[in-house]
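S.K.: Next one to model:
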Amino acid sequence: MYWSNAKITEAELENDPGPRRVYSTSPSSPSRMPAFASVLAVIAILYFGKEVLLPLAIAVLLTFALAPISSRLRKLGLPRIPAVIFTVVLAFLVLVLFGLVVAGHIAEVAQNLPAYQGNIIAKIRSLQESGTDSGIVRRLTSVIESVGRELSNAEERPVAPGTGSRPREPVLVEIFAPSRPIETLTSLIGPLLGPIASLGLIIVVVIFMLLEREELRDRFIRLVGYGDLHRTTEAIQEAGSRVARYLLMQLVVNCAYGVPLALGLWAVGIPNPALWGMLAIVLRFVPYIGPVIATVLPLFLAFAVDPGWSLVLWVAAIFVALELTSNNVIEPWLYGSRTGLSPLAIIVAAIFWAWLWGPVGLVLSTPLTVCLAVLGRYVPQFEFLEVVFGSDPVLDPKERLYQRLLAGDPDEATDYAEEFLEQDYLEDYYGKVAIPALLLAEKDRRRGVLTAEQMEQVFGTAITLVSNLAEIAQEEEQEDVEEEEEPKEKESAGPPSTPPKEGNGDESELPDGRGKTVVCIGGRGPLDDASAAMLAQVLQVQGAEVVAARHSDISSRRAMSLVPKRSNAIVVCFLNEDSARHARILIRRFKRIYPAIRVGAVLWVENEKERQPPALREADFAATTLTSAAREALADAPASLVTPARKIRTRRSSKKTGITAARSEL
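M.R.: Numbers count the residues shown, from 1 in each chain. The predicted model follows:
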């Protein structure tokens, strides 16, 4: 019976007003090969043009970061050129001063490292003597001791001119000419020329970009997006705001982490605490890897400085407290630091940019990937970048649920449902997500791509999902009972101090179902059975006694034993919008058997405005959405007592009538 409907054509499906995929691509979409070739070409250009493009990338990102400061100075009345020069000079002075302080502290730590060698060896030996060591600790101890002996022997080995135990190797001699100071100066300054030149280039580019920011924006729009000014302008504004917000908020978060870290390390006695706080500020710009490095270095220094273990424990406690505070207090408070990238995309981007541009690319990975994600959002040819890197879901909730139902994964489907139900009710979830997902399954069945086994799997997964949400349904039912008891307690305590406001009644609320019994039955197949089970659970939340049955129970004539005698309503559920004729047959059958019970049908649609309920003359009610079906099933309206007349079919052919009469005479 379920498969008796003829399959509809593809043209009919295109005209179908049902739910559509937001992110789906039509079969006639152009090939992705040109975009893929363009991506490969861009990667090659970035790799081989590293020497030129890396300073430009740094300059562009610094321009995004400094543009708000320059704009604020201009609003305060400072002219354009002084505002830009003041902003750039101040920013680079801070960076240079920061680098000099870090370099001085690193040199001091390097000089003090040999003094900590004895503590490290003593701690490893104490581990050996305590019996908790392993082969790794023993090998590590021997390696450290051997390296120490070699270093001491190299420094203290005397030179014996008269020994002839083995022939002396020739020694290379370099003639030093003190009369060439220019060459000496060149050898000292030469390695610094490259970084200094890059720094100067970055400063100049940043100044000119800030001075001609509007002009550069207009030229970029004219070059790539003159045909769609609105879209191009939005892309530029979003890229600039997201990058600037990320850099600013990340700097605030890192400073809120590094400054307390330096103070805490100074309080417990770690050498050079300012160095580790400043390194934490810089390293935390590197996603995931930087915070780990910023934690390991002070822990290793605490291990080397203190002969005991108390300092290591204190440093570990400081890092744990700061991580908890930063992750649970500071970052949620500064929620604008969210980049719109998925965590996996941030990791992959860090690996990619580190391979492409080295350590500097690792620091720039997140801002550059943000720009790529914005490009993919506004340029159709690069839409895959937004899909790959973005954090927003690429599937609608109904499509995600349908995919989980097809995969037979009720656990993940339950997780999605629980996330949705943190803010909405069960009625909203079933009406906006679950029923539309079953409508997608019904559409695939009508196209002939959903087999009977897959339908049973979708049904089984959906029933398991409904069972997993039973606890949430009980909680909602208990909340409804408590909300109804509160006004009664207030009335018994006395009249309210203020008169109630008029017009506050929520017309969308479902009626109370306590004391009522409703039977929910699937119409023609397993998918209809799943929708009936979801409707039944919503009615249970309203306090009604519900009996859920499958469509096979009707065909096997078990309906007599399924329907309680004091039932208030029978609801037959259909996902196929063309099942109105079959609905009339079932309603007529139930009305004959149970004339005193209200009988109705639900022909599901995702939106009630899309299609009005069909005209079912024998039915007491007809609905198209979960809310309307639940309201009709719990209504207090009486059932129509008119029993549908049985149709008598007459034979049209006189020949067949004569043959029938002759057979009756015989």
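
S.K.: Do a quick rundown of the strands in the protein.
M.R.: 517-522, 545-549, 569-574, 598-603, 621-623 (DSSP state E).

S.K.: Sheet-wise, list the partners of the fourth one with their directions.
M.R.: Here the strand partners of strand 598-603, with direction, are listed using DSSP bridges: strand 569-574 (parallel), strand 621-623 (parallel).

S.K.: which of these sits most buried?
M.R.: Ranked by mean neighbour count, the strands paired with strand 598-603 are led by strand 569-574 with a mean of 27 (mean count of other C-beta atoms under 10 Å). In short, each C-beta sits where N, CA and C put it, glycine included.

S.K.: quick one: average confidence on that one?
M.R.: For strand 569-574, the mean pLDDT works out to 90.

S.K.: Kindly report the same for stretch 264-279.
M.R.: pLDDT averaged over stretch 264-279 gives 88.

S.K.: Buried ones in it, by neighbour count?
M.R.: 264-265, 268, 270-279 (16 or more other C-beta atoms under 10 Å).

S.K.: rewinding a little: now distance to residue 528 too, for the strands paired with strand 598-603, in a markdown table please.
M.R.: Shown next, in a markdown table, are the strands paired with strand 598-603 (distance: least, C-beta to C-beta, whole Å):
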| stretch | distance to residue 528 |
| --- | --- |
| strand 569-574 | 5 |
| strand 621-623 | 14 |
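
S.K.: ok, back up a step: take the strands of the chain and write them to CSV, including distance to residue 250.
M.R.: Formatted as CSV, the strands of the chain follow (distance: least, C-beta to C-beta, whole Å):
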stretch, distance to residue 250
strand 517-522, 53
strand 545-549, 53
strand 569-574, 52
strand 598-603, 52
strand 621-623, 52
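
S.K.: quick one: low-confidence ranges for the stretch 101-250 of the chain?
M.R.: 123, 127-192, 223-232 (pLDDT under 70).

S.K.: Go again with 50.
M.R.: For the stretch 101-250 of the chain, the stretches flagged by pLDDT under 50 are 133, 151, 154-155, 159-160, 162-164, 179.

S.K.: Repeat that for the stretch 551-666 of the chain.
M.R.: Looking at the stretch 551-666 of the chain by pLDDT under 50, you get 648-650, 654-666.

S.K.: ok, which stretches of it are helices?
M.R.: 551-555, 559-562, 580-593, 626-633, 654-665 (DSSP state H, counting those that start in this stretch).

S.K.: Number of residues surrounding residue 627?
M.R.: 18 (other C-beta atoms under 10 Å).

S.K.: Could you do residue 551 as well?
M.R.: The local packing count at residue 551 equals 23, with neighbours defined by other C-beta under 10 Å.

S.K.: Contact partners for it?
M.R.: By C-beta atoms under 8 Å, 6 or more residues apart in numbering, the contact set of residue 551 is 2, 521-526, 528-529.

S.K.: What is the biggest helix by length in the chain packed up against?
M.R.: When the chain is scanned for its longest helix (criterion: DSSP state H), the result is helix 229-268. Identification of packing neighbours for helix 229-268 by 3 or more C-beta pairs under 8 Å, 6 or more residues apart in numbering; DSSP states H and E yields helix 50-75, helix 213-224, helix 273-283, helix 310-325, helix 343-378.

S.K.: Could you check the first one and say which residues are buried?
M.R.: The reference is to helix 50-75. For helix 50-75, by 16+ other C-beta under 10 Å, it's 50, 54-55, 57-70, 73.

S.K.: ditto for the second one
M.R.: Counting neighbours by 16+ other C-beta under 10 Å, one finds that the buried residues in helix 213-224 are 213, 216, 221.

S.K.: Might you calculate how far it sits from the centre of the chain?
M.R.: Put simply, helix 213-224 sits 33 Å off its chain's centre (C-alpha atoms, centre = their mean, to the nearest Å).

S.K.: Also the third one?
M.R.: When C-alpha coordinates are averaged (C-alpha atoms, centre = their mean), helix 273-283 and its chain have centres 31 Å apart.

S.K.: The closest residue to residue 387 other than its chain neighbours: how many residues sit nearby?
M.R.: Leaving aside its sequence neighbours, residue 387 sits nearest to residue 394 (C-beta to C-beta, 6 or more residues apart in numbering; 5.3 Å). When neighbours are counted by other C-beta under 10 Å, residue 394 registers 12.

S.K.: How about the closest residue to residue 564 other than its chain neighbours: which residues does it bridge to?
M.R.: Leaving aside its chain neighbours, residue 564 sits nearest to residue 517 (5.4 Å; criterion: C-beta to C-beta, 6+ apart). Counting by DSSP bridges, residue 517 is bridged to residue 545.

S.K.: ok, residue 517 - contacts?
M.R.: Counted by C-beta under 8 Å, 6+ apart, residue 517 has contacts 544-547, 564, 566-568.

S.K.: Which among those residues count as buried?
M.R.: Buried among the contacts of residue 517 (16+ other C-beta under 10 Å): 544-546, 567-568.

S.K.: Please identify which of these is nearest to residue 440.
M.R.: residue 546 (25.5 Å; C-beta to C-beta).

S.K.: Would you mind measuring from the spatially closest residue to that closest one that is not a sequence neighbour to residue 602?
M.R.: Spatially, and ignoring its direct neighbours in sequence, residue 546 is nearest to residue 536 (4.3 Å; C-beta to C-beta, 6+ apart). Counting by C-beta to C-beta, to the nearest Å, the gap from residue 536 to residue 602 is 12 Å.

S.K.: For the two, indicate the residue with more neighbours.
M.R.: residue 602 (30 against 23).

S.K.: need the contact list for the more buried one.
M.R.: Counting by C-beta under 8 Å, 6+ apart, the residues that residue 602 touches are 531, 535, 571-574, 622-624, 629.

S.K.: Most widely separated two among those?
M.R.: 531 and 622 (15.2 Å).

S.K.: pLDDT at the residue nearest to residue 387, what is it?
M.R.: On the pLDDT scale, residue 394 gets 70.
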